[in-house]
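Trainee: the sequence and its predicted three-dimensional model are supplied below.
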Amino acid sequence: MLNYIWIFMIIIGIIYGSFTGQMAEISNGVIDSSKEAVQLCITMLGVVALWTGMMEIAKESGLVDSLTRKLRPLLRFLFPRIPRDHPAMSYISLNFIANILGLGWAATPAGLKAMEALTDLEKERGNPEYGGTASNEMCVFLIMNISSLQLIPVNMIAYRSQYGSVNPAVIIAPSIIATFMSTLAAIVYCKIKDRKHK
């Protein structure tokens, strides 16, 4: 559906430009936007490579394991029905850590693995109602993922740097406050819904 909307907007823009005699401006806009998109992709590629490498170093150094142990009380609070040593817990923990560090692209594979592990958990439980419907744990995981507490908003810093911001990192404090509040709201919401579900 979104593709049709974009195509419609492009066609309307071209028709309007041709009727108003602004085709030269449209052509220049297309060329400038294409150049800008390539430059942004190159900038983001460098940022992704840097932070993905940092994540690998953190894994190898044992930092991820240490953070996982520190996150365990929170994970037990959010997911009390997942067994302590179930693979889903480590994937969820890795996803949370990557999101906290602002590494959305590194969080995605862990998130997919967490969902697979949660699906396996439902099958292990022999849940007769399970047939593709999201379990309570899956819903909590998705809500927490969307709220996404971030200490370092890597993407926004990279975008601001690309577009010439004098101080790209100035958004760190507001970002921490905003994502902390959204995460707190997500936790409260999940716990209220979980209590009603019980």
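Mentor: Thanks, I have the structure now.

Trainee: what packs against the one helix or strand Glu122 maps to?
Mentor: Using DSSP states H and E, Glu122 sits within helix 104-125. Secondary-structure packing of helix 104-125 (3 or more CB pairs under 8 Å, 6 or more residues apart in numbering; DSSP states H and E): helix 23-61, helix 87-100, helix 136-147. C-beta coordinates here come from the backbone N, C-alpha and C atoms, glycine included.

Trainee: what is the first one packed up against?
Mentor: When contacts are defined as 3+ CB pairs under 8 Å, 6+ apart, helix 23-61 packs onto helix 2-20, helix 104-125, helix 154-162.

Trainee: pLDDT below threshold where in this protein?
Mentor: 51, 105, 127-132, 196-198 (pLDDT under 70).

Trainee: one step back: out of the helices and strands packed on helix 104-125, nearest to Thr68?
Mentor: Closest to Thr68 of those, according to CB to CB: helix 87-100, at 4.3 Å.

Trainee: residues near Pro83, how many?
Mentor: Other residues near Pro83 come to 11 when the count uses other CB atoms under 10 Å.

Trainee: name the SS class of it, please.
Mentor: Of the three states, Pro83 takes coil under DSSP: H, G, I helix; E, B strand; the rest coil.
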